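Novice: Dropping a prediction and its sequence here:
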Amino acid sequence: MRMYDLIYTKKLGGALSPEQIAFWVEGAANGSIPDEQSASLLMAICWRGMTTEETLALTLAMRDSGKRMDLSAVPGIKVDKHSTGGVGDKTTLILGPIVAACGVPCPMFSGRGLGHTGGTVDKFAAIPGLKVELTDAEFIQSLQETRFANSAPTGKIAPADKKLYALRDTTATVESIPLITASIMSKKLAGGADALVLDVKCGPTAFMKTLDDARTLAQSMVDVGTAHGMQIRALITRMDAPLGWAIGNALEVMESVEILRGEHGDSELAQMSFRLAAEMLIMGGAAKTLPEAQAKVRMAIQDGSALETLRRFVGSNGGDAKALDDFSLLPQAGRTIAIPADRAGYVSALDGRALGLLAMDLGAGRKDQHDVLDLGVGIRVHVKVGQRIEPGDMVFTAYTKAGHPVKAEAYLATLGLASDRPEAVPWLLDTIGC
Ligand code: URA
């Protein structure tokens, strides 16, 4: 088989066979196919797309490039969640402990952040001592002891995705529905969960800018999961403004704990986390209907069992659970800079991508994958879309290390202001799947 023929076929819009796809994925992962040929094929796939059969074959080839987790030692239906990513998205820190507290095992492999979006692993890394890269045995033990496990994926899960994702990142080939589907679903299928809830983000700062594209991506992932006997359901959620008040790793831990304590219950972040958790409870067999599941979620917050589960998860993985009750034990920024509004109006937009980039510039995110993060820095967003503000009202606080320049104009430029109150847009745009 010649890689040239695969590239040529896809360039003309033809379909590749499962054998051809397996040949490419294996060769890309073991280095026998040069990067320039893989990059050419990736670009051809971006333009020409893939059939459902090709996407399925690509997912399987990527899944089988590494090992699959065996979670059979953990009783119950294991339910995972995946979000396609957003600024300030800390839903995993909130819903994992809720779902586990309600009796459903929740195994999760999470990524590190790159660019303007943060990664769940970096947020957990802000908890002193918490081990964020677990061995298989530790992962299973955490699930058995607390029903929650979260770890950076070891290099053994879908290594072909790691290789191809790095190439996509440098060749502008990330935004492709079949490539995103195969990348996410190969890791999820290898991760060993029985069921999966997807949070597919849609909006100007997400991979999927339009509702049509978000629906197509969601359906594509649901099709692949279903074909493999996985229970799978996707929620399509709006992504434009940052999710919640915190951007930055230790700050996001604080906000998550506040929600688990019962604060900010009517915020979009809390509502979204609770809804995703409720969907997971239904899949895990802990509830039959959405109202029943939502009541269980509320109870886990009210009786403190969700927060207690997070404490136990942290404690059993080497972390200092006291930091969840005493935020002074979390990494701190050296300095805070208040940024007040310079104009009056209704907040009509908050540019999540631009704020994510500003947080990255403070040191909360990685410009390249080798950057070392400052886990204490970040941004507090004091306002919400729809809110009326006057000059002098607090809009942002930058948490930064001493000496780091902070330009207030750059922060204020992320704020859209209108003379009339903007119409409220719901955060849940659609649901797809079982
Ligand atoms: N997240 C992934 O893991 N892969 C993609 O391709 C896009 C988002």
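Specialist: Thanks, I have it.
Novice: Do you know the pLDDT at the residue in the chain that the ligand sits nearest to?
Specialist: Relative to the ligand, the nearest point of the chain is Ser183 (3.4 Å; CB to the nearest ligand atom). From N, CA and C alone the C-beta is placed, and that goes for glycine too. Looking at Ser183, its pLDDT stands at 94.
Novice: mind listing the strands for this structure?
Specialist: Under the criterion DSSP state E, the chain carries strands at the ranges 79-83, 106-109, 148-151, 195-202, 231-238, 246-247, 335-340, 345-350, 378-381, 388-389, 394-400, 415-418, 428-433.
Novice: can you dump the C-alpha coordinates of the fourth one into CSV?
Specialist: Looking back up the chat, that one is strand 195-202. Written as CSV, here are the backbone C-alpha positions of strand 195-202 (Å, rounded to 0.1, in the frame of the first residue of the first chain):
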residue,chain,number,x,y,z
ALA,A,195,-21.8,5.5,28.7
LEU,A,196,-20.9,9.0,27.6
VAL,A,197,-22.6,12.4,27.8
LEU,A,198,-21.2,14.9,25.3
ASP,A,199,-21.2,18.7,25.8
VAL,A,200,-20.8,20.0,22.2
LYS,A,201,-20.1,23.7,22.4
CYS,A,202,-21.4,26.0,19.7
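Novice: what separates it from the chain centre, distance-wise?
Specialist: With CA atoms, centre = their mean, to the nearest Å as the basis, strand 195-202 stands 9 Å off its chain's centre.
Novice: Just confirm yes or no for that strand near the ligand.
Specialist: No - Strand 195-202 is not in contact with the ligand by CB under 6 Å from any ligand atom; minimum separation 9.9 Å.
Novice: Would you mind listing where the chain has pLDDT under the threshold?
Specialist: Where the chain drops to pLDDT under 70, the residues are 114.
Novice: got the domain boundaries for it?
Specialist: 3-49, 79-157+177-326, 332-418 (automatic domain parsing).
Novice: So what's the gap between the second one and the chain middle?
Specialist: Chain-centre distance of domain 79-157+177-326: 7 Å, with CA atoms, centre = their mean.
Novice: coming back round to it: which of the domains of the chain is buried the deepest?
Specialist: domain 79-157+177-326 (a mean of 22; mean count of other CB atoms under 10 Å).
Novice: about what we covered before: among the domains of the chain, which is nearest Met62?
Specialist: Met62 lies closest to domain 79-157+177-326 among these, at 3.5 Å (CB to CB).
Novice: Span of the closest one from start to end?
Specialist: 30 Å (CA to CA, to the nearest Å).
Novice: Phi first, then psi, for the closest residue to Glu258 other than its chain neighbours.
Specialist: Excluding the flanking residues, the one nearest Glu258 by CB to CB, 6 or more residues apart in numbering is His264, at 6.0 Å. Main-chain dihedrals, His264, degrees, to the nearest 10: phi 50, psi 30.
Novice: Verify the contact between His264 and Gln271 for me.
Specialist: No - counting by CB atoms under 8 Å, His264 does not reach Gln271; the two are 9.7 Å apart.
Novice: At the contact with the ligand, which residues of the stretch 1-150 of the chain appear?
Specialist: Contacts of the stretch 1-150 of the chain with the ligand, taken as CB under 6 Å from any ligand atom, map to Thr84.
Novice: residues from the stretch 251-400 of the chain in reach of the ligand?
Specialist: Checking the stretch 251-400 of the chain against the ligand by CB under 6 Å from any ligand atom, there are no hits.
Novice: returning to that earlier point: mind checking which of the strands of the chain is nearest Leu329?
Specialist: Leu329 sits nearest to strand 394-400 of all the strands of the chain, at 16.0 Å, using CB to CB.
Novice: Within the sheet, what are the partner strands of the closest one, with directions?
Specialist: Sheet pairing of strand 394-400 (DSSP bridges) gives strand 335-340 (antiparallel), strand 378-381 (antiparallel).
Novice: how about CSV for the ones you listed, with distance to Gly304 added?
Specialist: Output for the strands paired with strand 394-400, formatted as CSV (distance: least, CB to CB, whole Å):
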stretch, distance to Gly304
strand 335-340, 30
strand 378-381, 26
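Novice: among those strands, which is nearest Ser38?
Specialist: Short answer: strand 378-381, nearest of these by CB to CB, at 35.8 Å.
Novice: For that closest one, report the contacting residues that lie outside it.
Specialist: 88, 241-242, 244-252, 333, 350, 355, 358-359, 362, 364, 395-399, 411 (CB atoms under 8 Å, 6 or more residues apart in numbering).
Novice: at 7 Å instead, please
Specialist: 242, 245-249, 251, 350, 355, 358-359, 362, 364, 396-399 (CB atoms under 7 Å, 6 or more residues apart in numbering).
Novice: swap in stretch 197-208?
Specialist: So stretch 197-208 is contacted by 79, 81-87, 91, 175, 180, 209, 211, 214, 217-218, 221, 232-240, 276, 279-280, 283, 352-353, 429 (CB under 7 Å, 6+ apart).
Novice: could you redo the last one with a cut-off of 6 Å?
Specialist: Contact with stretch 197-208 is made by 81-84, 86, 175, 211, 214, 217-218, 221, 233-240, 276, 279-280, 352-353, 429, as judged by CB atoms under 6 Å, 6 or more residues apart in numbering.
Novice: what sits against the closest residue to Leu243 other than its chain neighbours?
Specialist: Leaving aside its sequence neighbours, Leu243 sits nearest to Gly88 (CB to CB, 6+ apart; 4.1 Å). Going by CB under 6 Å, 6+ apart, Gly88 touches Pro242, Leu243, Gly244, Ile247.
Novice: if we can go back for a sec, reformat the strands of the chain as a markdown table; add distance to Leu12.
Specialist: Shown next, in a markdown table, are the strands of the chain (distance: least, CB to CB, whole Å):
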| stretch | distance to Leu12 |
| --- | --- |
| strand 79-83 | 33 |
| strand 106-109 | 37 |
| strand 148-151 | 42 |
| strand 195-202 | 31 |
| strand 231-238 | 32 |
| strand 246-247 | 44 |
| strand 335-340 | 53 |
| strand 345-350 | 42 |
| strand 378-381 | 48 |
| strand 388-389 | 55 |
| strand 394-400 | 51 |
| strand 415-418 | 44 |
| strand 428-433 | 31 |
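Novice: Put together TSV for the domains of the chain, with distance to Ala166 on each row.
Specialist: Output for the domains of the chain, formatted as TSV (distance: least, CB to CB, whole Å):
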stretch	distance to Ala166
domain 3-49	9
domain 79-157+177-326	10
domain 332-418	8
